[in-house]
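Participant: 3D, please:
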Amino acid sequence: MKFFNKIGKAFKESFNELAHKVSWPTRSELTSSAVVVMIASIIIALCIFAVDTVFNFGMEQIYKLVI
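Facilitator: Next up is the predicted model:
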């Protein structure tokens, strides 16, 4: 029974911390953070696309020389 009491206590403490001690971001902070993440994701995706395209082009040139 001690095991289940410890689990119950952990859940109660977690809820208490999330409800009363955590400082949640405001809507504007959350929106600006989301925009930063989206822009960073797009930039990283474009970089990966560019590297993949260059690598693909290079490999095609090598295969043309070999065949």
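Participant: so where do the helices sit in this protein?
Facilitator: Along the chain, counting by DSSP state H, helices occupy 2-16, 27-66.
Participant: pLDDT weak spots in this protein?
Facilitator: Applying pLDDT under 70 to the chain picks out no residues at all.
Participant: In CSV, list the helices of the chain along with mean neighbour count.
Facilitator: Just so you know, the C-beta spots here come from the backbone N, C-alpha and C atoms, and that holds for glycine as well. Shown next, in CSV, are the helices of the chain (neighbours: other Cβ atoms under 10 Å):
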stretch, mean neighbour count
helix 2-16, 9
helix 27-66, 10
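Participant: and Leu18, how many neighbours?
Facilitator: The number of residues packed around Leu18, counting by other Cβ atoms under 10 Å, is 10.
Participant: any idea how far it is from Thr26?
Facilitator: Applying Cβ to Cβ, to the nearest Å, the value for Leu18 to Thr26 is 17 Å.
Participant: what's near enough to touch Val66?
Facilitator: Shown in contact with Val66 (Cβ atoms under 8 Å, 6 or more residues apart in numbering): no residues.
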